[in-house]
Structures are given as structure tokens and as C-alpha cells.
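Colleague: okay, sequence plus prediction incoming.
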Amino acid sequence: MKQASVATAEELIPERLNGSLVLPALAPEASVAQLTYTALRNAFLSMDVYHSDADLRLDEKRLAADLGVSRTPVREAFARLEHEGLVRIVPRRGAYLVRKSKAEIIEMITVWAALESMAARLVCERASDAEIGALRAPFAIFEDGGVRARLNEYSAANLRFHQRIIELAHSPLIDSMAKSLLVHVRAIRGRTIAEDDRAERSIVDHMHIIEALEARHAELSEGLVRDHALQLAKHVERTVEL
């Protein structure tokens, strides 16, 4: 099990989205329980639980040793993470990272589509021009068409784009609901971006979405975001085996 510098899940780069668990270092400014929960949550969010080599069983004793804490805060963190749907605790067997079925993933993407499309409508009403304009920045380096050559970077930009739409809605409830889906939707987006010509089509879709948001065209923005997400659901239904 590897150690990494302190980082949020959103800052973790795509190379870490694999079947290995990468534990961030604990920072000194919070309680042991909170630090343990945050470190484990970030590590779980950075891991692709759908990777063929992913080890889903969580060794409580080893995690405690790696973090330099007792087993009590690890056990407490597991309980919180089970409530969030990231961990499953099986009596007398231990704790496991949750991996959804294909049908569940498609349902989660469908719910994400509903949340993100409503967020896009709210972005038109609530976000500043500067906030919307900043959505273009991460894609500037791909304007030369070199998406395939920089797929890891594009995957990170792609994921951040969708998270940012949620954030710019300035709706705490939508943000909270979307975060509960993030670990699974994030992993599937990262896994499928290299398949077919999805990366190239994705960047075109993103530019159209940004143009609609800049024009404050709420209905068009909502529709484009929803259709973009539902295309992922169709792709998963057609090609992904879990």
C-alpha cells in the first residue's frame, strides 16, 4: 500500500485511478477521527473499484498501521463511509469497497444526468460570467486535436468539467446528492473515455455546453448536459462488462 501527499479526491490525477489503494498522508490540523475519515475517503475515491485487479477487501489493521492510528478511528471511518455508500461492512467477514452492478451503474448515471442537467439550468441563473468562462480553460491545451496523445490529462479535465457544473449551480443539496454518486460515475467515466471515439466527441460536446451556458440559454444547456450524460449510460449498456 502506497503513501501519497495530502490531496483532495478531485486533485488526484488519472494515473492513480487504478486498482491500487493510495493513502494520502495525514495533515496535522484536525482530530484523528476526522483525519482518518478524510484520508480513507480520498483514497477510496481515487481508486478505480472497477479495475480488474482491484482488491475490494479492506484490512482494518493494516490501514490503521499505514495511517499511524489505532483501529478505532478506522472502524469509525468505515461506519461513516458505509452510510455514504462507499463501503460495505459484512458481519464476521470485514469491510469491503462497494462495486455496483452494471444495472446499478446505468441507474446512477441516469440520476447523475438529472442532477447535472438541472445544475446546468441553475448555472445559467446563478453563476457569474467569469465562472462560466473559466470552464474553457482546462480544454485550451487540447485545441490542437491532441486528445488521444494526452488522454490521462483529458480524462482529468473531463471529470473536473462535470464536477464544476455541479458546483456552479450553487446548490448545496444538488452538490451533496451528486457527491454520493461521484465515486462510481467518476470511475466509469475514467474507464470508458478511451473507448471508441468518446474522447473526441466529448470535447465537442463540452464546447457546445459551454457556449449554451455563456449564452444563458437554460433549456438548451439543460438538454445538452442531460444528453451527454445519457450517452455514457448507453455506452455502458452496450459495451461495458462488470
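Modeller: Nice, thanks for sending it over.
Colleague: every contact and neighbour count from this point should use C-alpha atoms.
Modeller: Will do.
Colleague: which helix of this protein spans the most residues?
Modeller: In the chain, with assignment by DSSP state H, the single longest helix is helix 102-126.
Colleague: for it, which residues meet the burial criterion?
Modeller: By 16 or more other CA atoms under 10 Å, the buried positions in helix 102-126 come out as 105-106, 108-126.
Colleague: name the residues of stretch 195-215 that are buried.
Modeller: Within stretch 195-215, the residues scored as buried using 16+ other CA under 10 Å are 199-200, 203, 205-206, 208-214.
Colleague: stretch 72-79 now?
Modeller: Neighbour count says stretch 72-79 has 73-75, 77-79 buried, by 16+ other CA under 10 Å.
Colleague: quick one: secondary structure of the residue nearest the centre of the chain?
Modeller: Central residue of the chain (CA atoms, centre = their mean): residue 186, 3.3 Å from the mean position. Using DSSP: H, G, I helix; E, B strand; the rest coil, the structure places residue 186 in helix.
Colleague: and residue 23, by the same measure?
Modeller: Secondary structure state of residue 23, per three-state DSSP, is strand.
Colleague: ok, how many other residues are close to it?
Modeller: Using other CA atoms under 10 Å, the number of residues around residue 23 comes to 24.
Colleague: and the nearest residue to residue 132 once chain neighbours are set aside, how far is that from residue 232?
Modeller: Computed as CA to CA, 6 or more residues apart in numbering, the closest residue to residue 132 that is not its neighbour in sequence is residue 214, at 6.4 Å. As judged by CA to CA, to the nearest Å, residue 214 and residue 232 stand 24 Å apart.
Colleague: residue 54 belongs to a strand?
Modeller: No. Going by three-state DSSP, the assignment for residue 54 is coil, not a strand.
Colleague: my guess is it meets residue 20, correct?
Modeller: Yes. Judged on CA atoms under 8 Å, residue 54 makes contact with residue 20 at a distance of 6.3 Å.
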